[in-house]
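In: Please work out how this folds:
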Amino acid sequence: MPNLKNSPVISLSQVSKSYPEGSITHSVLDSISAEFQEGECVALLGRSGSGKSTLLNLISGIDKPDNGSIIIQGRDITGLSEYERTLFRRRHIGFIYQFFNLIPTLTVLENVMLPLELNEQRNEALVSSLLDEVELLERKEEYPDRLSGGEQQRVAIIRALVHDPLIVLADEPTGNIDRETGNKVMALLERLIRKRNKTLIIVTHSQEIASFADRQLLLENGVLKTQSKTVA
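Out: Okay, here's the model as predicted:
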């Protein structure tokens, strides 16, 4: 469990977001306030269209809220320019997606190396060490289409961690693989996150996957609510 006595890594205060839909405006997030601690794993649940991915986009700086502040390790990213938010995202946030988002024309090694290169770094020894940790070192010269879904997601996980981010955001990371493989991938992700003391926010529809988290939050009608864990 994370140490909750420290200042939060992420602090949301009165965050709202709306989008135009024809002649009307659709409110997605309504005055959300929340804190996320260092080393904490939080599951974000809610129906499709409830705003889960929107919330991740706001935390990562891909999008800006209409109102409110998002403070990450003491820095209000809502006050940054788009370019500054891009640099902040490259350095401090790792992403894991449902459909892996590996570049098909790059090898496994090159895909994992990409976040480092975007930050003007290159450390092949580190990448090889991470690939070895997820038992894919021997596949480093392969292209993504030669890997299974579970293997591709393992590559995506270490790509999200290679640049040592503060935060990892995972949007339905097991949604494109079968249940057994998804549970193995989630167990691996949890182990790697705990080992490195990273803050993980994971969007999922699966209560089984959400059970890996320290806390579960439910997005409903634009409001964020604490949800008790389901006891088997």
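In: When you work out contacts or count neighbours from here on, use the C-alpha atoms and nothing else.
Out: Will do.
In: Please identify the helix or strand for Ser7.
Out: Per DSSP states H and E, Ser7 falls between elements, in no helix or strand.
In: Model confidence for the nearest residue to it once chain neighbours are set aside, exactly?
Out: Distances taken as C-alpha to C-alpha, 6 or more residues apart in numbering put Gln37 closest to Ser7, at 7.2 Å, once the chain neighbours are dropped. With respect to pLDDT, Gln37 scores 94.
In: Output the contacting helices and strands for the longest helix along the chain.
Out: Taking DSSP state H as the criterion, the chain has its longest helix at helix 179-196. Here helix 179-196 touches helix 149-161, going by 3 or more C-alpha pairs under 8 Å, 6 or more residues apart in numbering; DSSP states H and E.
In: Export only the CA atoms of the helix it packs on, formatted as PDB.
Out: What follows is helix 149-161, C-alpha atoms only, in PDB (Å, rounded to 0.1, in the frame of the first residue of the first chain):
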ATOM      1  CA  GLY A 149      -1.900 -10.000 -27.900                       C
ATOM      2  CA  GLY A 150      -0.500 -10.700 -24.400                       C
ATOM      3  CA  GLU A 151       3.100 -10.200 -25.600                       C
ATOM      4  CA  GLN A 152       2.200  -7.000 -27.300                       C
ATOM      5  CA  GLN A 153       0.700  -5.600 -24.100                       C
ATOM      6  CA  ARG A 154       3.800  -6.600 -22.200                       C
ATOM      7  CA  VAL A 155       5.800  -4.600 -24.700                       C
ATOM      8  CA  ALA A 156       3.400  -1.700 -24.200                       C
ATOM      9  CA  ILE A 157       3.800  -1.900 -20.400                       C
ATOM     10  CA  ILE A 158       7.500  -1.600 -20.400                       C
ATOM     11  CA  ARG A 159       7.300   1.200 -23.100                       C
ATOM     12  CA  ALA A 160       5.100   3.100 -20.600                       C
ATOM     13  CA  LEU A 161       7.800   2.600 -17.800                       C
END
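In: Next, the angle from that helix to helix 179-196.
Out: Relative orientation of helix 149-161 and helix 179-196, computed by axes from the mean of the first three to the mean of the last three C-alpha atoms, to 10 degrees: 20 degrees.
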